[in-house]
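In: need coordinates for the following:
(4 chains)
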Number of protein chains: 2
Amino acid sequence: MKDVAARAGVGLKTVSRVVNEEPGVTPDTVARVQAAIDALGFRRNDSARLLRTRRTASVGLVLEDLADPFYAPLSRAVEDVARANGALLFTGSSAEDPRREQELVLAFCARRVDGLIVVPAGDDHRYLIPEIEAGVATVFVDRPAGRIDADMVLTDNAGGTRDGVAHLIAHGHRRIGFIGDQPGIHTAAERLRGYREAMADAGLPIRPEWYSMGPTNPERVRAVLASLLSGPEPVTALFAGNNRVTVTAVRVLSHHPRPVALVGFDDFELADLLDPPVTVVAQDSPGLGRSAAQLLFRRLEGGADAAPERLELPARLIARGSGEIPPAP
Amino acid sequence: MKDVAARAGVGLKTVSRVVNEEPGVTPDTVARVQAAIDALGFRRNDSARLLRTRRTASVGLVLEDLADPFYAPLSRAVEDVARANGALLFTGSSAEDPRREQELVLAFCARRVDGLIVVPAGDDHRYLIPEIEAGVATVFVDRPAGRIDADMVLTDNAGGTRDGVAHLIAHGHRRIGFIGDQPGIHTAAERLRGYREAMADAGLPIRPEWYSMGPTNPERVRAVLASLLSGPEPVTALFAGNNRVTVTAVRVLSHHPRPVALVGFDDFELADLLDPPVTVVAQDSPGLGRSAAQLLFRRLEGGADAAPERLELPARLIARGSGEIPPAP
DNA sequence: ACTAACTCTGACAACGTTGTCCAACTCTTC
DNA sequence: GAAGAGTTGGACAACGTTGTCAGAGTTAGT
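Out: Numbering: from 1, shown residues only, chains lettered A, B, ... in the order given. The predicted model follows:
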């Protein structure tokens, strides 16, 4: 910029004015400065600018895994809203590791992002208090923040699961299994709650061997499923607590002699092409991202001191076939 | 930092030394400074630091769509390499719009990212020349750069397609259709070339009505497919030029009276669960991201003036069933 | 012709760091 | 106790911008 000013024979500030299209510069001067800019291939250094203005026009997004088909549309939605607000997006994956989450969040804060959108991996976010007090707007998505009061946008996991299980009950099932993720994960616990509620609402008992919470790797899911389907009174239907469970269940059930009804939490591509097409409770993944980002920018534009909001988006049952299979006699 | 220095009763630079763990500070002083830091909740402002050191420890990634199942693992791989090199990641989606691509790239450059990884949407990247000369390392992935000589990491699209089509020929097919993306997209053109080559290698003629390039929305693909499958001499096999085409083809073919063999470019989740399981030519999407990022950081660590590299990663044929269907008589 | 108001321009400080360099102090060593 | 070496600390400029303010020049009104 200094060079441009020298070449155009004007002051530093005049160049700044031209670059920012501020009023009060003669067309003649503008032209001279423009010429110098073009000749020198000058591009304003935004880092320096933002250092001065104390706004970085960037937000940080921390989620579990960028490559996860559930989070990818979420991050895309966040990106779209950020772009609409003229902000750039830092992204990072926590890989479900609280330490990595914190590391990323603090790195973003050190870069002085204007705001943060976090899919929490940990359950204690008090480390964020100084940052929030320093003015970093923060919105949690998909799972609630731990031990602090903050904005969050969640899916109605319990309600969605209740609907899914009720759907199975409505189709005649009485012995319904549930395989969920680790109980420490909030969404997993909420879905288990929905399962219990639906069963209770229908006056059905739940045997302890019908539900299981834990890692959702194929091996464990296979093992649990095998035990659910064996014995004198096997379950006739299964509610799968997330899409990884659903996929493994589809694989196992396709080789099972007796038809077993299946409803899964989370939609996935091609669910309608499988045999039978898979009935799911679908979350609005872009909706989560969009709502969170919109809330964030609302905060950034003044609403910083309003009380934290908690949005809960509904989940939608999509009947496709697998959830409508009647109980085997 | 000024406040910390004042509170600890030391000079500014001493605080800087403590924060950066530079040697030459008495343990006693370190302790005093640390106490002040903790008391004030001080966090170093990385933007300012990076302004001074002229390294931002961040790279920009521009791709077509963050939410696309092909690009999501790529971006995750880039992120992993970036993290390993201590860099943060800016991401943005071009939505296949050259103007948006340029906008994003220039915004990243204005933020003075150390490097760029770009999945090009446009075919003219001369606008990047000043940036590259200014020292922004740039690597193109998945598609080649337009009209400039730069590092790039590509998939062997022609070779992969040749293998896929040869596979169909080996199973007895003689009339093979090809539905590809818009001819302006480099990967699409390369795949068409592979199709031609495989047919030529086998001494088979190609009728003009057997292949079609254009938007890969379901409507067009359905229409093209309908015409391929009708007439007196319909094709007995189809090569689908990308995963969107493949998915639509699976839907259509599942309702088609005659079995038609199918090989698709790009793997997708659950391809093995469909009926029949879908044979694909799989790209190494994380491999593309990883190689590109590694190349980028190699450039950043000194190899800036070596000649541009062009890496070509092989594609792998995964036979699952749909590509092994023999021609209907 | 004088003042008032307005337009345009640039000097300077500031944003929050780090690099450079020098001063002061503490040890050795003779 | 003086010279030399080593350690510790801080003043200052710089990175590339923008905000503030005041000065210079122009126009308009009396």
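
In: every contact and neighbour count from this point should use C-alpha atoms.
Out: Will do.

In: residues touching the closest residue to DNA strand D within the stretch 51-200 of chain A, list them.
Out: Nearest residue of the stretch 51-200 of chain A to DNA strand D, counting by C-alpha to the nearest atom of the strand: residue A:52, 4.9 Å away. Neighbour list for residue A:52: empty [criterion: C-alpha atoms under 8 Å, 6 or more residues apart in numbering or on different chains].

In: pLDDT wise, what is it at?
Out: If you check residue A:52, the pLDDT there is 92.

In: ok, it to DNA strand C distance?
Out: 4 Å (C-alpha to the nearest atom of the strand, to the nearest Å).

In: did I read that right, that residue in a helix?
Out: Yes. Assessed by DSSP: H, G, I helix; E, B strand; the rest coil, residue A:52 belongs to a helix.

In: could you look up the SS state of residue A:25?
Out: coil.

In: list the contacts for it?
Out: By C-alpha under 8 Å, 6+ apart, the residues touching residue A:25 are A:14, A:17, A:18.

In: so which of those reach DNA strand C?
Out: Near DNA strand C, judged by C-alpha under 7 Å from any atom of the strand, the entries from those are residue A:14.

In: of the contacts of residue A:25, select the buried ones using a ChimeraX command.
Out: Per 16 or more other C-alpha atoms under 10 Å in any protein chain shown, the buried members of these correspond to this ChimeraX selection:
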select /A:14,18
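
In: got a pLDDT number for residue A:145?
Out: Confidence score, pLDDT, at residue A:145: 95.

In: residue contacts, it?
Out: Residues in contact with residue A:145 (C-alpha under 8 Å, 6+ apart) are A:120, A:123, A:124, A:125, A:152.

In: what subset of those is buried?
Out: Using 16+ other C-alpha under 10 Å, the buried members of the contacts of residue A:145 are A:120, A:123, A:125, A:152.

In: turn the contacts of residue A:25 into JSON lines, including secondary structure, pLDDT and distance to residue A:249.
Out: JSON lines is the format used below for those (DSSP: H, G, I helix; E, B strand; the rest coil; pLDDT from 0 to 100; distance: C-alpha to C-alpha, whole Å):
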{"residue": "A:14", "secondary structure": "helix", "pLDDT": "93", "distance to residue A:249": "67"}
{"residue": "A:17", "secondary structure": "helix", "pLDDT": "93", "distance to residue A:249": "63"}
{"residue": "A:18", "secondary structure": "helix", "pLDDT": "93", "distance to residue A:249": "63"}
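
In: what about chain B: which of the contacts of residue A:25 touch it?
Out: Among the contacts of residue A:25, no residue sits close to chain B (C-alpha under 8 Å from any C-alpha of the partner chain).

In: which one of the contacts of residue A:25 is nearest to DNA strand C?
Out: Nearest member of these to DNA strand C, counting by C-alpha to the nearest atom of the strand, is residue A:14, at 4.7 Å.

In: find the closest residue to DNA strand C in the stretch 201-329 of chain A.
Out: Relative to DNA strand C, the nearest point of the stretch 201-329 of chain A is residue A:300 (18.1 Å; C-alpha to the nearest atom of the strand).

In: setting aside sequence neighbours, what's the nearest residue to that residue?
Out: Leaving out its chain neighbours, the residue that sits closest to residue A:300 by C-alpha to C-alpha, 6 or more residues apart in numbering or on different chains is residue A:137, at 6.7 Å.

In: next, that neighbour: phi, psi?
Out: Main-chain dihedrals, residue A:137, degrees, to the nearest 10: phi -70, psi 140.

In: check the gap between the closest residue to chain B within the stretch 151-300 of chain A and residue B:281 for me.
Out: Relative to chain B, the nearest point of the stretch 151-300 of chain A is residue A:274 (5.7 Å; C-alpha to the nearest C-alpha). Distance of residue A:274 to residue B:281, given as C-alpha to C-alpha, to the nearest Å: 21 Å.

In: cool, thanks, talk later.
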